[in-house]
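> Coordinates for the following, if possible.
(one chain, ligands or ions: 1)
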Amino acid sequence: MITGSCHCGAVQIAVAEAPAVVTSCNCSICRRLGTLCAYYRPAEVTVTHAPGALASNIWGDRCIAFCRCATCGCFTHWEDIRPEPADRMGVNARMLDIDLATVPVKFVDGASFPVSTGEKR
Ligand SMILES: [Zn+2]
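Numbering: from 1, shown residues only. Next up, the predicted model:
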């Protein structure tokens, strides 16, 4: 079990195991957030917070909700919000209490294909 939280601690995250690899994506939102995403099945992730402590933004083709702490603004994870979601979610590995220097980074060219946002880049 690996745990972590946003900066202020209002949003707690626990994942089954440390990521073997994290993803750096250059799509329009990931590059701005500077996230390093680790992918898990939702059943492997526990996100704990008080009611109202989590904010999210959803746009484009409304596939994914990008969730952040409503207090400190740290991007914590994304969720597939389609009616029939894939068995996958993304956790911002920068929130986890691990040594990210030891985890390989996979660079994904999300800017070159319209994955989820549907917006112009
Ligand atoms: Zn916070």
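> Could you give the backbone dihedrals for residue 53?
Main-chain dihedrals, residue 53, degrees, to the nearest 10: phi -80, psi -10.
> Start the count at 28 instead of 1 going forward.
Renumbered: residue one is now 28, and that last one reads residue 80.
> pretty sure it contacts residue 35?
No. Look at residue 80 against residue 35 with CB atoms under 8 Å: they stay out of range, at 9.3 Å. Backbone N, C-alpha and C define where each C-beta goes, glycine included.
> overlap in contacts of these two?
96, 98 (CB atoms under 8 Å, 6 or more residues apart in numbering).
> Which of the two has more residues huddled nearby?
residue 80 (16 against 13; other CB atoms under 10 Å).
> quick one, what contacts the more buried one?
37, 38, 96, 97, 98.
> Of those residues, which belong to strands?
38, 96 (DSSP state E).
> what about the residue most central in space within the chain, helix or strand, and which?
The centre of the chain sits closest to residue 104, judged by CA atoms, centre = their mean, with a distance of 2.7 Å. Residue 104 is located in strand 102-107, with elements delineated by DSSP states H and E.
> Show me which parts of the helix or strand of the chain with the lowest mean pLDDT are buried, residue by residue.
Ranked by mean pLDDT, DSSP states H and E, the helix or strand of the chain with the weakest confidence is helix 57-60, at a mean of 91. Going by neighbour count (16 or more other CB atoms under 10 Å), the buried part of helix 57-60 is 57, 60.
> One more: stretch 88-100?
90, 91, 92, 93, 94, 95, 96, 97, 98.
> returning to that earlier point: in contact with the residue nearest to the centre of the chain, which residues?
40, 72, 74, 94, 116, 117, 118, 119.
> circling back: how far out from the middle of the chain is the least confident helix or strand of the chain?
With CA atoms, centre = their mean, to the nearest Å as the basis, helix 57-60 stands 11 Å off its chain's centre.
> Near the ion, which residues of the protein? Just list them.
Residues of the chain lying near the ion by CB under 5 Å from the ion: 33, 35, 37, 96, 98, 99.
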